[in-house]
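**Student:** predicted model and sequence below, questions to follow.
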Protein chains: 4
Amino acid sequence: MSYFEFMGKQIYYETYGQGKPIVLLNGIMMSTLSWKPFIEVFSKENQLILLDFLDQGRSDKMDTAYTQDIQIEVLKALLDELKLNKANLVGISYGGEVALEFAVKYEKYVDRMVLFNTTAKTSPWLKDIGVAWNRSVNDPLDYYCTTIPVIYSPKFYNDKSEWMDNRKTLLTEKVFNQKPFMEAMIRLTESADNHDVTEKLPNIKIPTLIVSCENDYITPMPEQRKLHELISTSELVVLPGTGHASMYEKPLLFSSLVLGFVNCQSVEFIV
Amino acid sequence: MSYFEFMGKQIYYETYGQGKPIVLLNGIMMSTLSWKPFIEVFSKENQLILLDFLDQGRSDKMDTAYTQDIQIEVLKALLDELKLNKANLVGISYGGEVALEFAVKYEKYVDRMVLFNTTAKTSPWLKDIGVAWNRSVNDPLDYYCTTIPVIYSPKFYNDKSEWMDNRKTLLTEKVFNQKPFMEAMIRLTESADNHDVTEKLPNIKIPTLIVSCENDYITPMPEQRKLHELISTSELVVLPGTGHASMYEKPLLFSSLVLGFVNCQSVEFIV
Amino acid sequence: MSYFEFMGKQIYYETYGQGKPIVLLNGIMMSTLSWKPFIEVFSKENQLILLDFLDQGRSDKMDTAYTQDIQIEVLKALLDELKLNKANLVGISYGGEVALEFAVKYEKYVDRMVLFNTTAKTSPWLKDIGVAWNRSVNDPLDYYCTTIPVIYSPKFYNDKSEWMDNRKTLLTEKVFNQKPFMEAMIRLTESADNHDVTEKLPNIKIPTLIVSCENDYITPMPEQRKLHELISTSELVVLPGTGHASMYEKPLLFSSLVLGFVNCQSVEFIV
Amino acid sequence: MSYFEFMGKQIYYETYGQGKPIVLLNGIMMSTLSWKPFIEVFSKENQLILLDFLDQGRSDKMDTAYTQDIQIEVLKALLDELKLNKANLVGISYGGEVALEFAVKYEKYVDRMVLFNTTAKTSPWLKDIGVAWNRSVNDPLDYYCTTIPVIYSPKFYNDKSEWMDNRKTLLTEKVFNQKPFMEAMIRLTESADNHDVTEKLPNIKIPTLIVSCENDYITPMPEQRKLHELISTSELVVLPGTGHASMYEKPLLFSSLVLGFVNCQSVEFIV
């Protein structure tokens, strides 16, 4: 539970355990709090590092528009703060995009990467979906129904009705009716509008695990196939029956994939 | 260009050509006008029948809530009006759902069916997506960004930017700002809320072609796999790289699949 | 039931009906006889043309090795014999390969193509599978078990046990124990060893329907995705739960897809 | 490098390292030797146990026919020999089948399972493929071409030509020409003919990771989807572009998936 200062803003982070460091990078609507159920499992053999990006959780809010570039620098500042020369980056969605951009700019600081539900570029299609999100911010139920069903697989959303109902109550009554949160969501969403590392991916030589989810309708499977084609040091895994919020739908798989890939030695394979 | 009366409402329909009759059943936002590019090809060897459901196109608007049951009766009244004892039903999305419900109730009137982008049931997931649509009706751009990107495959939406830009201008400036149209959209969307023929599908013995689109994020592929499992007389085809608006994304394939399946004799296959 | 002479060899063919001509091109183990259950449905609105390639059915056997090039010329000679300036080519497996090679060399004679279970190239992987076939020719049951299970989807092979048992008896007792047939199979298999039109596919401008089968383990789905990427005028369709012998597993779909695509007018789609 | 006696036969096994025990169960053609490149990575944090089944590697050959049941007892005897009350079972193909059968009979001895390229049942389709294998044993090149290409993805087989050429030389000149090896292969193959645990899978309550490979043409993806449906405590992962010999095609992924799943704590997820 610590803060550091970045360009006059307070940045919130948490660290747990010891071992190869793993930084979990939040999706857009998430915060360090979202990872609570994962803290124990991730910090058992590793140093786990959680981070609220600017405009997320307990980090300071911004007051003007910005791009994801600033979040890259937040992440770099965090590594500096922790005196880490090398870390494993695990990102989901927005967090995966920041991981990719960070890898392009600061490759030598990255040991391995695990990218869930990540895209190389915010396409016009995805950008317009973001417009729909941002034009719904004044009506909590509209915002919920615009953003939430589509980030779960239909199967999970339909089967886990109690969990979803709790989320609906929590989000519409305690979160999406908070003006500062919604204004931050607008800025965060727009900060990804120009995300595009397509051209630079062939330069990345970091061992990377790309996890693609069959029922991800925000960053659909063709996006991760593209990542896999462009990053020569990547491996690709597909999770059937899983949506965009993969960490909530498949927590054990999420954890196993991350810990397995981060902690596994390279296999010396003499062909 | 004709009308008939149904329960005091005017129902609009068009017929073209001669041969085995094909009724094209509209998706929710469509009307007889949407099929203009297809009229020539579909009426060459067949009688083509287009229909505006209640609250669509040139048919009368409703003033109260209703369910899809009423559209089934509209369709039945149309067949009666045309004195057809048997017709081929081709439906997409909302139209596919009406086709399924019609087949359950009036099986003997159906020769063959072709169902594009169709689901057996409006799940809680799909219902909440409908809520997002209906809560965005007062802002044409919000409605556009909430409903349109998601019904195209990202590939089509990103590649066909001129076509999409034209659609955006047309829809936001001439359609989604028309209050009667938007009120009809609310009613049409809600009329599908209780759609559920799951239990009755095993009774259907109509030769049926089910077309599933790989990038359909409104009625995703698992829905059509379920239809195929439950309708013993069905065939399943998948269109890679195609979204929910399959007829616009793949007009030649759409037409070929319909005409091929409707007009093809049964193959006497002695095993 | 006619013959024509080609380079001193008798070539057997059959024609039925009238209309746009469709030439059905055999898979490697097939002959004109294999299409018997399809004759009526294909000749209803079209001129259906069946052909035994050299070393197939009632066409003459060869006595030396050759490449698929010669089958292209057989096909060209057939079109000349029938005085056809333009025909629709429908090929499955070996027949699809000949269709592709013909299209590369004689594009103007081809109206449209439908390619089932076809590959652009005989890869080392496929070539070695051919070696396994050819080294099993002296033992009918070995040949059966090496070639037949793998060309059906496991589902079809397991479910249609009566049909498969009949095939096993027929093939092991009447066909695979015939030395001339087996020698022809060796030559036919080897004639495809150098098949590779990959580089030339971007030149093809023929409307082409590519049909890919989910459980095809001889010419697996990635092969047809490649064809679709390289032929800009192609459409791609996937048949779930179907193996390499798609015409036997899905006769109605096979026929519908061919007739629909061949007979469908182009859709004038003004974007 | 140790032996123990089982029913008068010598059984060979190896153990390395300390920690949660992992037993790697061989595919049909494999032996303890096959795992050499994996020993270091698997024994770093775990006790790694390798085993030659009867008729494999340095374990004794059998002289009569048997079923996989006997291999289950070999595995049980190994756990007894090592005084293990609980172990993690990792199986590929034949080894996965033995793991499944062991789990059905000796559930309490199994901690977690990871199953690669595994099927619940030897179907008629798979049995006939086995017949093709067994009828090719007298011709090393026939046996190679019948068994080897089909267990690799076409992509790997075509791209890794040097590795495949080395395998071809090694296998045809040093292995497939050894009569005792080939006789053992016949017995091993036939020992799986009656494998069928379908009915018993719903009883299994062991956390199980099922790994399905997109280009596995021996135990194709529908088999693993079935396993996943029937084992309620299972997770399913798909490896795109990978064949039946997944451990050779994707050694890092293979290792990461196993170590991640075996060593990961359960995630306490309060919904």
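**Tutor:** That came through fine. Numbering: from 1, shown residues only, chains lettered A, B, ... in the order given.
**Student:** the stretch 51-200 of chain A: helices as residue ranges?
**Tutor:** Along the stretch 51-200 of chain A, counting by DSSP state H, counting those that start in this stretch, helices occupy A:69-81, A:94-105, A:124-134, A:140-147, A:154-159, A:161-170, A:179-191.
**Student:** out of those helices, which comes closest to C:V74?
**Tutor:** helix A:124-134 (48.3 Å; Cβ to Cβ). Using the backbone N, CA and C atoms, a C-beta is placed for each residue, glycine as well.
**Student:** most tightly packed of the helices of the stretch 51-200 of chain A?
**Tutor:** helix A:94-105 (a mean of 25; mean count of other Cβ atoms under 10 Å in any protein chain shown).
**Student:** any part of stretch A:141-149 near chain B?
**Tutor:** Yes: Stretch A:141-149 is in contact with chain B by Cβ under 8 Å from any Cβ of the partner chain, via A:141-142, A:144-146, A:148-149.
**Student:** ok, of the residues you listed, which one's closest to chain C?
**Tutor:** If you rank the residues of stretch A:141-149 next to chain B by distance to chain C using Cβ to the nearest Cβ, A:P149 comes first, at 26.0 Å.
**Student:** who's in contact with the closest one?
**Tutor:** A:157, B:125-126, B:128-129, B:132 (Cβ atoms under 8 Å, 6 or more residues apart in numbering or on different chains).
**Student:** what parts of the stretch 1-150 of chain A come near chain C?
**Tutor:** Counting by Cβ under 8 Å from any Cβ, the stretch 1-150 of chain A has no residue next to chain C.
**Student:** can you list the residues of the stretch 1-150 of chain A near chain D?
**Tutor:** Counting by Cβ under 8 Å from any Cβ, the stretch 1-150 of chain A sits next to chain D at A:37-38, A:40-41, A:44-45.
**Student:** among these, which one is most surrounded by other residues?
**Tutor:** A:V41 (22 neighbours; other Cβ atoms under 10 Å in any protein chain shown).
**Student:** quick check, the residue in the stretch 151-271 of chain A closest to chain B?
**Tutor:** For the stretch 151-271 of chain A, Cβ to the nearest Cβ, closest residue to chain B: A:Y217, 3.7 Å.
**Student:** is A:E229 part of a helix or strand, or is it coil?
**Tutor:** helix (DSSP: H, G, I helix; E, B strand; the rest coil).
**Student:** returning to what we had before: taking the contacts of A:P149, tell me the two that lie furthest apart.
**Tutor:** A:Y157 and B:A132 (13.1 Å).
**Student:** list the residues that contact the closest residue to chain D within chain A.
**Tutor:** Closest approach between chain A and chain D, counting by Cβ to the nearest Cβ: A:G260, at 2.0 Å. A:G260 is in contact with D:255-261, D:263-264, counting by Cβ under 8 Å, 6+ apart.
**Student:** tell me if it really is in a helix.
**Tutor:** Yes: counting by three-state DSSP, A:G260 is part of a helix.
**Student:** got a pLDDT number for the closest residue to it other than its chain neighbours?
**Tutor:** Distance criterion Cβ to Cβ, 6 or more residues apart in numbering or on different chains; nearest residue to A:G260, sequence neighbours excluded, is D:G260 at 2.0 Å. Listed pLDDT for D:G260 reads 97.
**Student:** ditto for A:M1
**Tutor:** Looking at A:M1, the pLDDT reads 75.
**Student:** thought A:E14 was touching it, still the case?
**Tutor:** Yes: at 5.8 Å, A:M1 counts as touching A:E14 under the criterion of Cβ atoms under 8 Å.
**Student:** neighbour count winner among these two?
**Tutor:** Regarding A:M1 and A:E14, a neighbour count based on other Cβ under 10 Å identifies A:E14 as having more, with 18 against 9.
**Student:** tell me which residues touch the more buried one, please.
**Tutor:** A:1-2, A:32, A:49-50.
**Student:** helix or strand right after the helix or strand containing A:Q224?
**Tutor:** A:Q224 is part of helix A:221-230, with elements assigned from DSSP states H and E. Per DSSP H and E, helix A:221-230 leads on to strand A:234-239 as the next helix or strand towards the C-terminus.
**Student:** return stretch A:127-142 as CSV; C-alpha atoms alone will do.
**Tutor:** Extracted as CSV, the C-alpha positions of stretch A:127-142 are listed here (Å, rounded to 0.1, in the frame of the first residue of the first chain):
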residue,chain,number,x,y,z
LYS,A,127,-12.9,3.1,-31.4
ASP,A,128,-16.6,3.4,-32.2
ILE,A,129,-17.5,0.9,-29.5
GLY,A,130,-15.6,3.2,-27.2
VAL,A,131,-17.8,6.1,-28.4
ALA,A,132,-20.8,4.1,-27.4
TRP,A,133,-19.3,3.6,-23.9
ASN,A,134,-18.5,7.3,-23.5
ARG,A,135,-21.9,8.5,-24.7
SER,A,136,-23.6,6.4,-22.1
VAL,A,137,-21.9,7.7,-19.0
ASN,A,138,-24.8,9.7,-17.7
ASP,A,139,-27.1,6.7,-17.2
PRO,A,140,-25.6,4.0,-15.0
LEU,A,141,-27.9,1.3,-16.3
ASP,A,142,-27.2,2.3,-19.9
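**Student:** for chain B, what are the nearby residues on chain A?
**Tutor:** Residues of chain A lying near chain B (Cβ under 8 Å from any Cβ): A:123-126, A:128-129, A:131-132, A:135-136, A:139, A:141-142, A:144-146, A:148-150, A:152, A:154-155, A:157-158, A:161, A:164, A:215, A:217, A:220, A:222-223, A:241.
**Student:** how far away from the center of its chain is stretch A:175-184?
**Tutor:** Computed by Cα atoms, centre = their mean, to the nearest Å, the chain-centroid distance of stretch A:175-184 equals 20 Å.
**Student:** other residues contacting that stretch?
**Tutor:** Contacts of stretch A:175-184 (Cβ under 8 Å, 6+ apart): A:55-56, A:61-62, A:137-138, A:140, A:143-144.
**Student:** taking the contacts of A:G260, please make a PyMOL selection of just the buried ones.
**Tutor:** To isolate the buried members of the contacts of A:G260 in PyMOL, using 16 or more other Cβ atoms under 10 Å in any protein chain shown:
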select buried, chain D and resi 255+256+257+258+259+260+261+263+264
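**Student:** measure the residue of chain A found nearest chain C to A:L253 for me?
**Tutor:** Nearest residue of chain A to chain C (Cβ to the nearest Cβ) works out as A:R225 at 10.8 Å. Distance, A:R225 to A:L253, using Cβ to Cβ, to the nearest Å: 19 Å.
**Student:** equivalent analysis for A:Q47, please.
**Tutor:** Distance from A:Q47 to A:L253, by Cβ to Cβ: 22 Å.
**Student:** those two: who's more crowded?
**Tutor:** Neighbour tally, A:Q47 and A:L253, criterion other Cβ under 10 Å: the higher count belongs to A:L253, 24 against 19.
**Student:** is it true that A:K250 touches D:S234?
**Tutor:** No: A:K250 lies out of contact with D:S234 (Cβ under 8 Å); the separation is 11.7 Å.
**Student:** quick one: which of the two has more around it?
**Tutor:** A:K250 (25 against 19).
**Student:** which strand or helix spans the nearest residue to that one once chain neighbours are set aside?
**Tutor:** Distances taken as Cβ to Cβ, 6+ apart place A:T242 nearest to A:K250, at 5.6 Å, with adjacent residues excluded. For A:T242, there is no host helix or strand (DSSP H and E).
**Student:** show the pLDDT at A:T242.
**Tutor:** pLDDT, A:T242: 98.
**Student:** what about it, neighbour count?
**Tutor:** Using other Cβ under 10 Å: A:T242 sits among 29 other residues.
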